[in-house]
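>>> after the sequence you'll find the predicted model.
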Amino acid sequence: MRALFTCCFLLLSLLAARAQMHKSLLFNGKPYPGTYILNADRQTRRSGNLRVYARELLVQDEQGHTTKYRPNDVYWAQIGRLRYTTARGFKTKSGLWASKKTDKLFVEVVDSGRLSLFRYRYYVGGPNSTTTELHAYMLREAAADSAVTLPVNGDTGKGKRFREVLMPYLVSRPDLLQLVEYEAITIDTLPALLRAFNSGEPFP
């Protein structure tokens with residue numbers, strides 16, 4: 001009986017992972033006007049109606065023709081105030097397992113500069129065809145190739161691992177380092193912390 005339960009659990013986890021793969025939509029709904037820059041020509045800003053998925057950028061022109069770009073093709077894309085770039089090396093969860101994203105995926109830029117904060121929004125399948133939205137947060141230094149996952153404890157992000165990963169990046173800013181050390185920073189106030197770090201301004 002236990003073996004049967006284990007097999008069923010593993011099967012459900014695999015199905016959840018597949019659901020995560022296919023439902024990783026960063027910007028929901030119909031195409032919206034936006035701009036984007038390709039890696040092959042970073043001097044040219046292009047425009048169109050955009051939809052951003054984890055593994056592709058869809059661009060619809062005025063004639064209604066759609067062009068598909070992979071993450072390796074795109075430098076960044078923007079829809080309204082939301083900007084997207086690509087990242088790899090971070091981890092996402094599906095059930096009890098975490099998987100490392102070795103290929104580039106589109107991620108939302110929360111703040112950028114010497115230290116960039118990205119958010120990857122994805123969906124995991126559940127029972128009765130339901131889905132749960134999850135977020136993965138990651139940090140990437142300007143000169144780095146891969147992003148580092150920022151562990152989030154529940155809804156707050158004030159856990160020990162959250163502090164351990166974040167604090168080494170802030171050694172040049174003792175004022176910000178102290179805020180993290182004293183557990184004054186949550187996942188909600190993290191963007192303001194990164195803006196203070198990248199701008200050299202005090203934390204608001």
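Received the coordinates, thanks.
>>> neighbours around Val180, how many?
For Val180, the count of nearby residues is 20 (other C-beta atoms under 10 Å). Where C-beta positions appear, they are placed from N, C-alpha and C, glycine not excepted.
>>> which secondary structure elements does the helix or strand containing it contact?
Assigned by DSSP states H and E, Val180 belongs to helix 174-181. The contact analysis (3 or more C-beta pairs under 8 Å, 6 or more residues apart in numbering; DSSP states H and E) places helix 174-181 against helix 160-166, helix 190-199.
>>> angle of the last one against helix 174-181?
The one in question is helix 190-199. 160 degrees (axes from the mean of the first three to the mean of the last three C-alpha atoms, to 10 degrees).
>>> pLDDT weak spots in this structure?
Low-confidence segments of the chain, defined by pLDDT under 70: 1-29, 93-98, 153-157.
>>> roughly how far apart are the residue most central in space within the chain and Glu108?
With distances taken as C-alpha atoms, centre = their mean, Tyr120 lies nearest the centre of the chain, 2.1 Å away. Distance of Tyr120 to Glu108, given as C-beta to C-beta, to the nearest Å: 7 Å.
>>> beta partners of Arg83?
On the basis of DSSP bridges, Arg83 is bridged to Gln78.
>>> got the contact list for it?
Going by C-beta atoms under 8 Å, 6 or more residues apart in numbering, Arg83 touches Trp76, Ala77, Glu108, Val109.
>>> redo that, cut-off 10 Å
Going by C-beta atoms under 10 Å, 6 or more residues apart in numbering, Arg83 touches Gly34, Thr35, Tyr36, Trp76, Ala77, Glu108, Val109, Val110, Ser112.
>>> nearest residue to Arg88 other than its sequence neighbours?
Using C-beta to C-beta, 6 or more residues apart in numbering and skipping the chain neighbours, the partner closest in space to Arg88 is Lys104 (4.7 Å).
>>> which SSE is Gln43 in?
With DSSP H and E as the test, Gln43 turns up in strand 41-52.
>>> contact partners of that strand?
Under C-beta under 10 Å, 6+ apart, the answer for strand 41-52 is 25-38, 57-62, 64-67, 69, 74-79, 82, 84, 106-108.
>>> can you rerun that using 8 Å?
25-27, 30-38, 57-61, 67, 75, 77, 79, 84, 106.
>>> with stretch 132-152 instead?
If you take C-beta under 8 Å, 6+ apart as the criterion, stretch 132-152 is touched by 87-93, 107, 110, 113-124, 126, 157, 159, 161-162, 165-166, 169, 187, 190.
>>> so how far is that stretch off the chain centroid?
Offset of stretch 132-152 from its chain centre (C-alpha atoms, centre = their mean, to the nearest Å): 6 Å.
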